[in-house]
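Colleague: Structure, please.
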Amino acid sequence: MIIQSLLDQDFYKFTMAQVVLHQFPDYYVKYRFTCRTPNVHWTAAMKEEIQQELEHYCRLTLTDDELAYLRGIRFLKPYFVDMLELFRPNIRYVKISFDGGLHIEVEGPWFLTIHFEMPILSIVNEVYFRHTTQFKAIAQSGRDRLHAKIEIARREGFAFSDFGTRRRYSRDWQEQVVQTLALNLPRSIFTGTSNVDLARRLRLTPIGTMAHEFIQAGQAADVVTLANSQKFMLQKWVDEYRGDLGIALTDTLGIDKFLKDFDLYFAKLYDGVRHDSGDPFEWAEKMLHHYERLHIDATTKRFVFSDGLDFEKASQLWNRLKGRAHIAFGIGTNLTNDFEGVTPLQIVIKMVECNGRPVAKLSDSPGKTMCTDTGFLEYLRSLL
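Modeller: This is a model prediction of the structure:
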C-alpha cells in the first residue's frame, strides 16, 4: 500500500495541528481537490484504487517508536502528542466521486481533517502514474537528472530541503531521492525534508511551519474583522510557539496585504518569510525594502523560496540574493517527479470553507487563487 505510516506527511501538518488543537478545537472546515493540469484523463479504475488506498490509510495508527520521535521534538507539547496517540483518520470525512473527472472533498472538525491533504495528494499521484507510466522505462532518466542537480547544489553551495511529498511520483522514489541527497551532500546544503517519516527513519531534520489554510481559517474567526484576520493568525502562531518555527507565509492574501500586516512587531518576532507565488525576484526586493524601511537588518532574516522551483531557478535566486539575507529553498516536484517524458500533475487540496463560511487564498500568481464563493472573493478583494 502507498501510505504505510501516519508520519508519511508534511511536517507543517503537525505544527499547524498543534495550534488547531490548543486554540481552534471547535473549528469545522471543508477542503476541495483541484487538478490544475489540463486534459488529464481520469478513470473509474483510478478512482476505485484511490478509494482503497484511503481506506487502508484510515486503518493506520502511530506506533510507539513514532510517538517517541514526536515527543523528542521540543516544541511539540506532550498533550498534543498524547492526542495523536489516540488519533486515527476517519474515512467518513472524505467523499470521492467520478463522473469522467475526479472529485474529492474533505469535511469535518479541523483537527481531525487537517491530516488528509498530503496522503490524498500522494495517493492520487502514485495511482495516476501507476496507470499511465512504466517506472523501469523512465527510472534512469530520473537518476541522471538527480545527479545533475546534486552537482549544481554542490557547485553553488545553497541550502535546500525536500518539499516533494505532495507531488511525488511514488513513495519509493521519494525515499530513493532523499537517501541519495543525504549520502551525497553535506547537511549544510541538503538540510532536511518536509516528510516526517523520512526525516525520522533517515535521521534528517523535519522542515515546515505553516500553510495557507492556517491564515485562511482566520477569515472565519468571529473575534476579529476580516481585514485583520491575517494579523490575528500570525499572532496565534506566536502565542503557540513563542519564538520557534518563525517563518511566515506571505501570499495567502497577496504580498501587498502581507506587508501592511507584517509591521515592525511581527517583522522582529518572526525569523523570516516564505515565498510561494508570484515573481520570486520581485518578491525578494519587496521584502528587502520592507525590512530596510523598518530599520531591520535583512541579513539577520531568512527568505525561504518554495514555489515551483528547479535547481536552475534556485541558482539564479541564490546568486542574486546571497549576502543580502539568509536564503534557503524548498524544492518539491522537480526533486520527486522529474523524469524524461513525464508531465507532473499540478494538483492541490485547499480549504474552501471554515465554520460554514467561505474562505479564500488570494495568490500572487494567476490561476492559483482559490475560492468557491465569487461574491466573497470580490468582497475580500475590495476590502484589501
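Colleague: Show me the strands in this structure, by range?
Modeller: For the chain, the strands defined by DSSP state E occupy 28-35, 94-98, 102-109, 159-162, 190-193, 247-249, 272-275, 302-305, 326-331, 347-354, 357-358.
Colleague: The residue lying closest to Phe160 once chain neighbours are set aside bridge partners, please.
Modeller: Counting by Cβ to Cβ, 6 or more residues apart in numbering, the nearest residue to Phe160 once its immediate chain neighbours are dropped is Phe329, at 4.0 Å. C-beta here means a position set from N, CA and C on the backbone, and glycine is covered the same way. The partner list for Phe329 in beta bridges (DSSP bridges) reads Phe160, Phe305.
Colleague: Dump the C-alpha coordinates for stretch 251-265 into PDB.
Modeller: Taking only C-alpha atoms (Å, rounded to 0.1, in the frame of the first residue of the first chain), the coordinates of stretch 251-265 have been written out as PDB:
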ATOM      1  CA  ASP A 251       0.900  35.100  -0.100                       C
ATOM      2  CA  THR A 252      -2.400  34.000   1.400                       C
ATOM      3  CA  LEU A 253      -3.900  37.400   0.900                       C
ATOM      4  CA  GLY A 254      -1.200  38.700  -1.500                       C
ATOM      5  CA  ILE A 255       2.200  40.200  -0.800                       C
ATOM      6  CA  ASP A 256       1.000  43.800  -0.600                       C
ATOM      7  CA  LYS A 257      -1.600  43.000   2.100                       C
ATOM      8  CA  PHE A 258       1.000  40.900   3.900                       C
ATOM      9  CA  LEU A 259       3.500  43.800   4.000                       C
ATOM     10  CA  LYS A 260       0.700  46.000   5.500                       C
ATOM     11  CA  ASP A 261       0.100  43.400   8.200                       C
ATOM     12  CA  PHE A 262       3.700  42.400   8.800                       C
ATOM     13  CA  ASP A 263       4.600  45.500  10.800                       C
ATOM     14  CA  LEU A 264       7.600  46.200  13.000                       C
ATOM     15  CA  TYR A 265       6.200  44.000  15.700                       C
END
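Colleague: residue contacts, the closest residue to Glu292 other than its chain neighbours?
Modeller: With Cβ to Cβ, 6+ apart as the criterion, Glu292 has its nearest non-adjacent residue at 7.0 Å, and that residue is Ala298. Listed by Cβ atoms under 8 Å, 6 or more residues apart in numbering, the contact set of Ala298 reads Met287, Leu288, Tyr291, Glu292, Arg324, Ala325.
Colleague: cool, and His103?
Modeller: Phe33, Lys95, Ile96, Ser97.
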